[in-house]
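>>> Test case, fold it:
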Amino acid sequence: MLRSILIFTKLSEITIIQNIQTILNPFSAFNVIFKNFSSDEKSYLWLPVDEECSVIQTMHDVLYQSPLFSPFLRPEFPYTPHITVGQIHNQQSMLSTLKVLNSKQLQIHAEIDTVSIEHILDNDDSDEFFQITLSRPKK
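Purely as a prediction, here's the structure:
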């Protein structure tokens with residue numbers, strides 16, 4: 001099982017936790033598919049969520065519609081739900097790695113049942129300070 005990670009700064013942990021719990025209360029655990037490795041200008045290698053799995057995007061949008069979190073929305077950085085796999089600083093190595101990985105047509109099927117809230121540290125590591133367990137889908 002995987003976690004979805006949300007990041008907000010300059011708010012107290014209690015304020016963040018209480019508001020995210022309220023906003024995410026209607027959401028249940030859900031399934032996702034990760035496929036087609038990609039990269040970005042910072043040389044991160046990542047595995048995006050399949051476009052058909054829109055729950056993470058919906059969560060993101062609902063959170064940033066909140067008056068508390070809307071000031072933190074960075075529209076200049078489009079949100080792409082993903083798993084960060086690693087970082088490859090050499091552009092040629094990145095391209096060859098992407099080619100090899102995508103030729104394998106790998107897919108990860110997972111259930112998202114927990115949302116983690118983290119601080120991003122000065123060295124870009126993350127420090128999880130709370131988890132929200134999503135309810136089980138009603139059958």
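>>> Please name the residues that touch residue 70.
residue 64 (CB atoms under 8 Å, 6 or more residues apart in numbering). Backbone N, C-alpha and C define where each C-beta goes, glycine included.
>>> In the protein, what residue spans correspond to strands?
2-7, 30-35, 38-39, 44-48, 82-87, 107-120, 126-133 (DSSP state E).
>>> Any chance of these in CSV with mean neighbour count and distance to residue 56 as columns?
Shown next, in CSV, are these (neighbours: other CB atoms under 10 Å; distance: least, CB to CB, whole Å):
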stretch, mean neighbour count, distance to residue 56
strand 2-7, 16, 6
strand 30-35, 17, 7
strand 38-39, 16, 16
strand 44-48, 17, 10
strand 82-87, 14, 9
strand 107-120, 16, 7
strand 126-133, 12, 14
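>>> same question for stretch 100-119, mean pLDDT?
Stretch 100-119 shows a mean pLDDT of 91.
>>> Thanks a lot, catch you later.
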